[in-house]
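[1] okay, here's the prediction I keep looking at, along with the sequence it came from:
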Amino acid sequence: MEFVENKGQWDNHLKYKGDFASGSFFLEDQGFSVLLNNPQDWNRITSAMHGRKDASQNLNEKITLHSFVYRVEFLGSSSKPKRVPEKPINTYNNYFIGNDKSKWAGGCKIYQAISYKNIYPNIDIRYYSEGDKLKYDFILYPGADPSLIAMKYSGPEKLSVKNDQLIIHTSIGEVKELYPYCYQPDQTGKREEVGCTYVVKENVVSFQIKNYDKKRIMVIDPAIIFSSFTGSAVDNWGYTATPGPDGSFFAGGIAFGNGYLTSPGAYESNYMGGVIEGVLKGHDIAIFKFNANGTDRIYATYLGGSGNEQPHSMIADNQGNLIVAGRSFSNDYPKTIAQIGTGGNNDIVITKFNAAGTGIIGSLKIGGSGNDGVNIRSKYELPDGADRLRRNYGDDARSEIIIDNNNDIILASCTQSANFPALGNSLN
């Protein structure tokens, strides 16, 4: 699991976010939250995205994705613990979403582990993943009082202990926290196991620990497994690619992400990546930059608004700045100058990133009142054909972009707008 820092792209009390197969994990100063997506709903959505269906499914039906959020609060813990990110990855994410620049976030660092120091006196907590398990370790230093650790669960229908495991019951499935493996390392580094069990009182979980040396470090090591949540990961489709001047290369496509829910116990969420009346909603442009041999991701960025976006063509200039051309159905697409033309339906978009991928040099949106950047009729006018092209190749819409010797941008696209903003003595 990778933990991405929050630089304003998510709710302020969220500090880091990590994704797993069918949900997300959020770190806060006094606890954490878990977003779970119903695996059956999620599989139906991903099947519809790829044009598949089961015997009971109509591809044009409205599919509701049921989700569930629960929150764990460390009662009585420090409100401002010191956060220590660990094992940084040599890359970062950008989030250029919407037209409000104050909500853009670039250069968001990614880590493989996060520690919070002194959440209780002489007690740290460390989050990381091991294999397919999410782990969080309480590290108790000499003089620490383990009875201070009290975890309040908000949202689950109930909590129970079975076979020494903590069972978190939700409306869409069960989450298990494996038995709390507890140990004290000796001077040689060998682990001496200490007896430890969960204690559940209503919605508060604590630990009962027996026969340990209060003068030595002790680690309480639970592991969370999402055994009943085995849905597919977020879909992403590739549409275009281009090389960089230094041998690096860029890949562009669309990604279906999920949002952060702040209401514990919510059963139904407004999921942007769902299928509403047969139409895919909420897919944003996703850009990845790789090093020359493809062994390392240099940066990754989202680009889009509240509607659908799609990249068609990309090119990098001699300075390594990336220019992306595509289409957008969003009124709040991130742009640096005012709309060119009346706009409406799908519009052509051009966005130029700086070489580091941390910011936008310029971004504009062009279009008339019809569909621009779209080369065939919609799937409702041309049954299934348009959808197949979009789903498999992105060729229901197309633009091509190049730059001349002066680094001026030349775009070729298409329009269905009678009032497309033409300049000068146009041929038509």
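    Everything's here; your move. Residues are numbered from 1 along each chain as shown.
[2] mind listing the helices for this structure?
    Here the chain has its helices, by DSSP state H, at 39-49, 385-392.
[3] least confident of these, on average?
    Mean pLDDT per stretch puts helix 385-392 lowest among the helices of the chain, at a mean of 55.
[4] okay but residue 121 is in contact with residue 145, surely?
    Yes: in this structure, residue 121 is within contact of residue 145 by CB atoms under 8 Å, at 7.3 Å. No exception for glycine: its C-beta is placed from N, CA and C like everyone else's.
[5] mutual contacts of the two, please.
    Residues touching both residue 121 and residue 145 (CB atoms under 8 Å, 6 or more residues apart in numbering): none.
[6] residues touching stretch 105-116, excluding its own?
    Looking at what lies outside stretch 105-116 - CB under 8 Å, 6+ apart - the contacts are 1-9, 15-16, 27, 29, 81-89, 91-96, 124-129, 301, 356-359.
[7] one more time with 7 Å, if that's ok
    By CB atoms under 7 Å, 6 or more residues apart in numbering, the surrounding residues in contact with stretch 105-116 are 2-5, 7-9, 16, 27, 81, 83-89, 91-95, 124-128, 358-359.
[8] now that stretch: average pLDDT?
    Stretch 105-116 comes out at a mean pLDDT of 95.
[9] and that stretch, what's buried?
    Judged by neighbour count (16 or more other CB atoms under 10 Å), stretch 105-116 contains these buried residues: 105-106, 108, 110-116.
[10] flag the shaky bits of the stretch 301-428 of the chain, pLDDT-wise.
    Within the stretch 301-428 of the chain, the ranges that satisfy pLDDT under 70 run 377-394, 426-428.
[11] please enumerate the strands of it.
    For the stretch 301-428 of the chain, applying DSSP state E, counting those that start in this stretch gives strands covering 309-316, 322-328, 347-353, 360-366, 400-403, 409-412.
[12] which one, of those, ends up nearest to residue 167?
    strand 309-316 (40.9 Å; CB to CB).
[13] got the contact list for that closest one?
    For strand 309-316, using CB under 7 Å, 6+ apart, the contacting residues are 239-240, 242-245, 250, 252-254, 283-285, 303, 322-328, 330, 394, 397-403.
[14] again, only this time at 6 Å
    Identification of contacts with strand 309-316 by CB atoms under 6 Å, 6 or more residues apart in numbering yields 239-240, 242, 244, 250, 252, 254, 284-285, 322-328, 397-401, 403.
[15] distance from that strand to the middle of the chain?
    In terms of CA atoms, centre = their mean, to the nearest Å, the centre of strand 309-316 is found 21 Å from the chain centre.
[16] repeat for stretch 118-132
    For stretch 118-132, the separation from the chain centroid amounts to 22 Å (computed by CA atoms, centre = their mean).
[17] ok, stretch 301-311 next?
    14 Å.
[18] what do you get for stretch 194-201?
    The answer for stretch 194-201 is 34 Å, by CA atoms, centre = their mean.
[19] swap in stretch 329-347?
    Stretch 329-347 sits 25 Å away from the centroid of its parent chain (CA atoms, centre = their mean).
[20] gap between the two ends of that stretch?
    End-to-end distance for stretch 329-347, by CA to CA, to the nearest Å: 7 Å.
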